[in-house]
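1. This is the structure alone, sequence omitted:
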């Protein structure tokens, strides 16, 4: 097995990630978000207290998870759509996750993010 292996089977979607001295089988639907740190990726997993850092780039994981429910709103973040609570239009736009984490949306990726969230950039909600 490689250092960090993605295994996406039809009925058993998971990723093998390093945890201390062993590999953990993490269901993809438990991954809240991924954050880039140079050539490493930090995983934020629901109900997981240990910090998970994988030795592959965020781009690697984006390619493996692109058919899943993930969106890349910023160069340094990949977010699971199931954990997005709100979209804020302040400061150019950001995603607010269920754990209240705010993820900035880059200008270049804004249209793609809004399309994925099915929000029209021209629709104004009345106050």
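-> Ah, there it is. Source: prediction; values computed, not measured.

2. what's the spacing between the residue nearest the centre of the chain and residue 18?
-> In the chain, the residue lying closest to the centroid (C-alpha atoms, centre = their mean) is residue 79, at 2.2 Å. Relative to residue 18, residue 79 is positioned 22 Å away (C-beta to C-beta, to the nearest Å). The way it works is simple: take the backbone N, C-alpha and C, and place the C-beta from them, glycine included.

3. can you give me the helices in this structure?
-> 58-65, 110-117 (DSSP state H).

4. Burial check on the closest residue to the residue nearest to the centre of the chain other than its chain neighbours, number of neighbours?
-> With C-beta to C-beta, 6 or more residues apart in numbering as the criterion, residue 79 has its nearest non-adjacent residue at 4.7 Å, and that residue is residue 33. Neighbourhood size, residue 33 [other C-beta atoms under 10 Å]: 22.

5. List the residues that contact residue 33.
-> Residues near residue 33 by C-beta atoms under 8 Å, 6 or more residues apart in numbering: 44, 77, 78, 79, 80, 83, 97, 101, 103.

6. would JSON lines of those residues with distance to residue 52 and pLDDT be doable?
-> Listed next are these as JSON lines, based on distance: C-beta to C-beta, whole Å; pLDDT from 0 to 100:
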{"residue": "44", "distance to residue 52": "8", "pLDDT": "95"}
{"residue": "77", "distance to residue 52": "15", "pLDDT": "97"}
{"residue": "78", "distance to residue 52": "14", "pLDDT": "96"}
{"residue": "79", "distance to residue 52": "16", "pLDDT": "96"}
{"residue": "80", "distance to residue 52": "14", "pLDDT": "95"}
{"residue": "83", "distance to residue 52": "16", "pLDDT": "96"}
{"residue": "97", "distance to residue 52": "17", "pLDDT": "97"}
{"residue": "101", "distance to residue 52": "16", "pLDDT": "95"}
{"residue": "103", "distance to residue 52": "18", "pLDDT": "97"}
